[in-house]
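>>> Quick one: sequence plus predicted model below, questions after.
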Amino acid sequence: MTKHLTGTREEWLAARLELLEAEKELTRRGDELARRRQELPWVGVDKEYRFQTDEGSASLADLFRGRSQPLREVALPLLREWSKRLSVEGYPTRVEDRLGCRPPTLVFRLAPRGAPESFLTLASETGPSVRFSMNVDGREVGADLKTPLAGLQTRVVLEGLGRFVTAALEATIPRRSDCGP
């Protein structure tokens, strides 16, 4: 049998506040380490790596077809533009750039009036490909959209964004049974 200390509510609260400060300090230290990790210098790739793709053997440069960071170059500007436009319409949004993380990820968050926050995640996967996943009203919705990373084009990002925004806004429309008598 485990023996736990017992005490007054005031003792518990004092201990809990002390623990909370330690947890906050740990979070701050983790954030600082993540920032420092992202600031590490990049190192050029000197070795000629070859990858097997559906189209045959390809170099690293071939995989990106001249674009070094498709998520940053194609998707991020579109997400930011949509965020601005939806915010003007009264829909709070934000774009989280997690491209320095593993896996590189972009998150587009949308909070329609009177509904829980929904989010669209664009994540790089091995392959290399990008997977779009949608979470609306706390649950995964729709089939994931997946595209080769090198094939990430404006049209594909707009298709994923369109599906997501439609699903998120439809979740706020009252259903027939919600309308009352």
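Sure thing, it's come through.
>>> what about Leu120, helix or strand, and which?
Element membership for Leu120 (DSSP states H and E) is strand 118-125.
>>> contact partners of that strand?
Identification of contacts with strand 118-125 by C-beta atoms under 8 Å, 6 or more residues apart in numbering yields 71, 75, 79, 103-112, 130-137, 146, 149, 157, 160-161, 164, 167-168, 171. Heads up, the C-betas are built off the backbone N, CA and C, glycines and all.
>>> ok, of those, which come out buried?
Buried residues within these, counting neighbours by 16 or more other C-beta atoms under 10 Å: 71, 75, 79, 104-112, 130-136, 149, 157, 160-161, 164, 167-168, 171.
>>> re earlier: could you point out which element follows the strand holding Leu120?
strand 129-136.
>>> Check this protein for its longest helix and report it.
Counting residues, the longest helix found in the chain (DSSP state H) is helix 9-38.
>>> So for that one, mean pLDDT?
In this model, helix 9-38 carries a mean pLDDT of 91.
>>> before we move on, the earlier item: any idea of the angle the strand holding Leu120 forms with strand 129-136?
Angle, strand 118-125 to strand 129-136, by axes from the mean of the first three to the mean of the last three C-alpha atoms, to 10 degrees: 160 degrees.
>>> And strand 118-125, what's buried?
By neighbour count on 16+ other C-beta under 10 Å, the buried set for strand 118-125 is Ser118, Phe119, Leu120, Thr121, Leu122, Ala123, Ser124.
>>> Same list, those, but as TSV with pLDDT please.
As requested, the buried residues of strand 118-125 are exported to TSV (pLDDT from 0 to 100):
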residue	pLDDT
Ser118	81
Phe119	77
Leu120	80
Thr121	80
Leu122	78
Ala123	77
Ser124	74
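>>> residues making contact with stretch 90-104?
37-38, 69, 71-72, 76, 79-80, 82-83, 86-87, 105-113, 123-125.
>>> Could you list which of those belong to helices?
Short answer: the contacts of stretch 90-104 in helices (DSSP H) are Arg37, Gln38, Leu76, Leu79, Arg80, Trp82, Ser83, Leu86, Ser87.
>>> which of those sit farthest apart?
Greatest spatial distance in the ones in helices among the contacts of stretch 90-104: Arg37 and Leu86, 31.7 Å, computed using C-beta to C-beta.
>>> the more surrounded of the two?
Leu86 (19 against 10; other C-beta atoms under 10 Å).
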